[in-house]
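Visitor: no sequence on this one, just coordinates:
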C-alpha cells in the first residue's frame, strides 16, 4: 500500500535523502514546496517554477473550493490540468483556512460551519467533504481534515481539539479509501495537453493514484503529540504531517515538538512539517529528518520587499539600495540575480510595479529551493551512520 | 548624419520594409514598440520581452525623471543598464505626461511648470531640460519637446500650440547636438553586465550615439501639419514622428492626417506615429508607410482582461469562459496560448491574482508583435511598385 518512498540515505543526525514517487513527479527529498493558494504561486508563471526546479507545489482546498469551485475543476480534469502544472501537487484539507479566515465558524463533532471570506455565504465542511473536494482537485497528495490547535491552548482545549482531529482523521481515511478512484485523471501525463483517458483502476487499487497524509496535532503537549502519532500510524496513512506549528510559539518549542515527534513515525513513509519556516529552519529540520516542508514566507515576504540572501535578510525598499548595482544576492545565480540589480528591484517596489512581486518572489523561491538542493547533496555525500 | 535607415523594399501602397540600425539593436521595421512607462513593460520580465521578439521598448521621461530620477539613472550607466534591457529604447519628451497628468500646469514660451503627480512638488520643463533628461536616460532614440495639441482645438489654439512646438523643436535639436556626447554609455554592448568604458567620441560625432526625432503637431488642420512637417524636415532630424493623434478624434481623421503627412516626409528616414492603436490600425498604418508605432493599448487592456485575438476581442472576465479549456487564441502560438486555458486566465482575473496581468499582457504583446511580423513578411514578398 501507499506511494513508493525510496529512502536512499540517512545521516547520523537523522536527515533522510529519499525519493517520493508521486503520479506526476518523482520528488527528490528533502523538498521545499512553494505555496500556490489559488492555483498560482503568486506572481510567478508555471514555466518559471519549472525553471526554478520546483518539484511540487501546494494548492489551498478552501480557496479553490470557493473559487472557481472543485466541481468546475473536476469537470476540467483536475487542478494539474486547470493550472497547467505537470509536476506534483499537494492540497491541504481546508481546515487551516476555515479556522484562520473565519471569525464566525461553528465547530461540532460533525464538522465546521463557516462563512466565505469572499461573499459571506454559509458553508459546511466535514472530513468527508474535505476529501471529496480534494479528490475532485486531484492533487498527488491530499491531507486529512484536522483542527489546527491555536497557540497558546490549555491542556483541556488541546485534548478536545485533538479528539476532533483524531475522529476526522479516521473518517478522512475511510472516505478516501472508498472514493479515491473518483480522481479526475488516470494517466498523469495527460494533465497538460490531451484530455484524460478513462481510469483503468477501481476502489482499493493503489495504482498511481492520490495519497493521503495524516496530520499530527496535540498543541505543545508532547504526550498528546505522541498519542496522536501512535494512533495515526496505526491507521496506516501514506505519509505523516506534523501540523499546528508556526502558530506563534517560540522557535525552541517548534524544534522540540518536531524532535519529539519524528522518532514516532515509520521510517518508510514521508514526513511533512506544515507551514515552516525561515531559511535556517527549513535547513535545520531537513537535517533532522523532515522530508517535506511548505511555507508562504518566501513568497509573501517577497511581495513586501523582503529578500532572503546568503548574506541575510535584505529589505529592498531601503534607501541604501537606491543606486546599488549589485545583484540582490551576489552568491546566487538565479535568473533575477544574474540580470537585475538591487537598485532596479527597489525602483520597481517604490513605483508599485507588478514586476516587483514577480522578480522578488523568483529570487526568494530560488533561495529556498537552493537550500534544499544543497541539503540533499550534503545528505548524499554524508557518511552512513554507524550502527549503535 | 543620422542613424542608418536601410530601406529594403517599398510596396505599391507605400508600405516600407526597412532596418533601423540603432546602437543597441538593429530594428526590423515596421515595428510595434511596447510601452515601459516606469522602466518596465508592466508585469512582464525583460527575459520574456526578448522571447516575444520585442526589439525596442519605450520609457517615459516624465515618470523616470520623477522616480527614480534621471541623474540616478545616469550615474548607473543609463536606462538600458538600469533596467537590464540590451535591445533598443526610445524615450518620449515628457511633454505628453506633463500635459495629460497635470491640471495645474503653466505654459510659457520658455517651458512648462507643473506639479508632480506623486508628491505635488513643483517642476519646470524646458526643451533643453527634456533633452538633458533624455540624454541622461540614454535611450537609442529621444524625442523633441513638444506640446500635444488637445482635441478638439480651435484653429487659433492649434496655431498657438504649433508655434510652441516649432520653437521647442529648434531648441531641442540645438541642445541635443551640443550635448549628445554626454550620453552615459559608449559601447552599447556594455549596458547589461560590465560597466561602461569611457566614451571615445565628442560633440558633433554621429558615432553610434543617440538619435533625435522631431514631432509633427498641428491638430487636425492639414495645412498646419504640412507647415510643421516642412519646417521640421528642413531642420534635418534623424526621424519624424506624427504626434497629437489618438487624442479622441474619430478614426477617419487619424487616418486622414497620417495619409496627408506621410508624403511630406523624407523617404530615407524613419516615420513614427505615436500612441496608436488597435490591431487593425497598426496593420493599416504600417501598410501605408509608417515604420514605428507605440501604444499602451495591448498592455493596459490586458490588465483589464481584454485580449486581442485572431477571432476579435475577448473579455476574459466573461462567465462564458469559466470552463472554457481552449487557449485564449487558438490561432496563436505564444507561450500563453500554448499552455493556459481561457478558464484559467478567467480564474486568475476573478481571483485578483498578479499572474493574470502577466499572462494577459504576454498574449496581447505576442499578438501585436505578430501582426508586425506578418506585415514585414508580406512587405518583403510584395512585388515592387511599377514606376509611374
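Guide: Perfect, I can see it now. All values reported here derive from a predicted model rather than from experimental measurement.

Visitor: interface residues of the stretch 201-350 of chain A facing chain B?
Guide: Applying C-beta under 8 Å from any C-beta of the partner chain, we find that the stretch 201-350 of chain A lies next to chain B at A:322-323, A:325, A:335, A:339-341, A:343-344, A:347-348, A:350. Just so you know, the C-beta spots here come from the backbone N, C-alpha and C atoms, and that holds for glycine as well.

Visitor: among those residues, which ones are in strands?
Guide: Judged by DSSP state E, strands contain none of these.

Visitor: generate a PyMOL selection restricted to the buried entries among these.
Guide: Selecting the buried subset of these in PyMOL, with 16 or more other C-beta atoms under 10 Å in any protein chain shown as the burial test, is done by:
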select buried, chain A and resi 323+325+335+339+340+341+343+344+347+348+350
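
Visitor: show me the contacts for the closest residue to residue A:61 other than its chain neighbours.
Guide: If the residues on either side of it in the chain are set aside, residue A:61 comes closest to residue A:94, at 3.8 Å by C-beta to C-beta, 6 or more residues apart in numbering or on different chains. Residues near residue A:94 by C-beta atoms under 8 Å, 6 or more residues apart in numbering or on different chains: A:60-62, A:65, A:125, A:130, A:133, A:145.

Visitor: what do you get if the cut-off is 10 Å, keeping everything else the same?
Guide: A:60-66, A:112, A:114, A:123, A:125, A:129-130, A:133-134, A:143, A:145-146 (C-beta atoms under 10 Å, 6 or more residues apart in numbering or on different chains).

Visitor: hmm, back to that, any chance of TSV for the residues of the stretch 201-350 of chain A next to chain B, columns distance to residue A:313?
Guide: Below are those laid out as TSV (distance: C-beta to C-beta, whole Å):
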residue	distance to residue A:313
A:322	18
A:323	21
A:325	20
A:335	21
A:339	22
A:340	18
A:341	18
A:343	18
A:344	19
A:347	20
A:348	19
A:350	19
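
Visitor: picking up where we left off before, got the phi and psi for the residue nearest to residue A:61?
Guide: phi 90, psi -20 (degrees, to the nearest 10).

Visitor: how about residue A:63?
Guide: When read as degrees, to the nearest 10, the backbone of residue A:63 gives phi -70, psi -40.

Visitor: how near is it to residue A:231?
Guide: Distance from residue A:63 to residue A:231, counting by C-beta to C-beta, to the nearest Å: 30 Å.

Visitor: which of these two has more neighbours?
Guide: residue A:63 (20 against 16; other C-beta atoms under 10 Å in any protein chain shown).

Visitor: show me the strands in the stretch 1-150 of chain A, by range?
Guide: For the stretch 1-150 of chain A, the strands defined by DSSP state E, counting those that start in this stretch occupy A:5-10, A:16-21, A:26-29, A:31-33, A:56-59, A:88-91, A:106-107, A:111-115, A:122-126, A:141-143.

Visitor: select, out of these, the one closest to chain B.
Guide: Distance to chain B, taken as C-beta to the nearest C-beta, is lowest for strand A:56-59 among the strands of the stretch 1-150 of chain A, at 12.0 Å.

Visitor: name the residue of the stretch 251-388 of chain A that lies nearest to chain B.
Guide: residue A:354 (4.0 Å).

Visitor: let me see the contact set for residue A:99.
Guide: Each residue near residue A:99 by C-beta under 10 Å, 6+ apart is listed here: A:62, A:105, A:107, A:112, A:114, A:146-150.

Visitor: if we can go back for a sec, the residue of the stretch 251-388 of chain A closest to chain B contacts residue B:360, doesn't it?
Guide: No: the criterion here is C-beta atoms under 10 Å, and residue A:354 misses it with residue B:360 at 11.3 Å.

Visitor: now the common contact residues for the two.
Guide: Jointly contacting residue A:354 and residue B:360 under the rule C-beta under 10 Å, 6+ apart are B:43, B:303.

Visitor: which intervals of chain A have sub-threshold pLDDT?
Guide: A:1-2, A:189-207, A:386-388 (pLDDT under 70).

Visitor: now with 50, please.
Guide: Applying pLDDT under 50 to chain A flags the ranges A:193-206, A:388.

Visitor: in it, which spans are helices?
Guide: Under the criterion DSSP state H, helices of chain A are mapped to A:46-52, A:61-66, A:70-75, A:79-83, A:95-100, A:127-137, A:155-179, A:222-235, A:251-261, A:279-288, A:297-303, A:335-339, A:342-350, A:354-381.

Visitor: contact partners for the residue in chain A sticking out farthest from the centre?
Guide: For chain A, the C-alpha farthest from the mean C-alpha position belongs to residue A:323; by C-alpha atoms, centre = their mean, that distance is 37.2 Å. If you count contacts by C-beta under 10 Å, 6+ apart, residue A:323 has them with A:341-343, A:346, B:68-69, B:71-73, B:75-76, B:82.

Visitor: looking at these, which has the most residues close by?
Guide: Busiest of the contacts of residue A:323 [other C-beta under 10 Å] is residue B:82, holding 29 neighbours.

Visitor: isn't it right next to residue A:347, touching?
Guide: Yes: judged on C-beta under 10 Å, residue B:82 makes contact with residue A:347 at a distance of 7.7 Å.

Visitor: okay, and the common contacts of these two?
Guide: Common neighbours of residue B:82 and residue A:347 (C-beta under 10 Å, 6+ apart) are A:341, B:39, B:64, B:68, B:72-73.

Visitor: for these, give me a markdown table that also has distance to residue B:303.
Guide: Formatted as a markdown table, those follow (distance: C-beta to C-beta, whole Å):
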| residue | distance to residue B:303 |
| --- | --- |
| A:341 | 26 |
| B:39 | 17 |
| B:64 | 20 |
| B:68 | 23 |
| B:72 | 27 |
| B:73 | 25 |
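
Visitor: pull the most distant pair out of these.
Guide: A:341 and B:64 (15.5 Å; C-beta to C-beta).

Visitor: that older thread, who's more crowded, residue A:354 and residue B:360?
Guide: residue B:360 (26 against 20).

Visitor: could I get the contacts of residue A:323 in CSV, plus columns for distance to residue B:307?
Guide: Formatted as CSV, those follow (distance: C-beta to C-beta, whole Å):
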residue, distance to residue B:307
A:341, 33
A:342, 35
A:343, 34
A:346, 32
B:68, 32
B:69, 36
B:71, 40
B:72, 36
B:73, 33
B:75, 40
B:76, 36
B:82, 31
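
Visitor: and residue A:307, what does it touch?
Guide: By C-beta under 10 Å, 6+ apart, the contact list for residue A:307 reads A:298, A:301, A:313-316, A:328-329, A:332, A:336-337, A:342, A:345, A:359-361, A:363-364, A:367.

Visitor: what does the stretch 51-200 of chain A put close to chain B?
Guide: Within reach of chain B by C-beta under 10 Å from any C-beta of the partner chain, the stretch 51-200 of chain A has these residues: A:51, A:63-64, A:66-69, A:71-73, A:75-77, A:81-85, A:118, A:192-193, A:195.

Visitor: and with 8 Å instead?
Guide: Proximity of the stretch 51-200 of chain A to chain B (C-beta under 8 Å from any C-beta) is limited to residues A:63, A:67-68, A:72, A:75-77, A:81-84, A:192.

Visitor: what is the nearest of those residues to residue B:7?
Guide: Ranked by distance to residue B:7 (C-beta to C-beta), those are led by residue A:84 at 43.6 Å.

Visitor: on that earlier part again, tell me which two of the contacts of residue A:323 sit farthest apart.
Guide: Spanning the widest gap among the contacts of residue A:323 are A:342 and B:71, at 18.1 Å by C-beta to C-beta.

Visitor: beta-bridge partners for the residue nearest the centre of chain A, please?
Guide: In chain A, the residue lying closest to the centroid (C-alpha atoms, centre = their mean) is residue A:294, at 3.9 Å. The residues listed as beta-bridge partners of residue A:294 by DSSP bridges are residue A:33.

Visitor: show me what contacts it?
Guide: By C-beta under 8 Å, 6+ apart, residue A:294 lies in contact with A:32-35, A:58, A:90, A:272, A:274-275.

Visitor: go again with 7 Å.
Guide: The contact partners of residue A:294, by C-beta atoms under 7 Å, 6 or more residues apart in numbering or on different chains, come to A:33, A:35, A:58, A:274-275.
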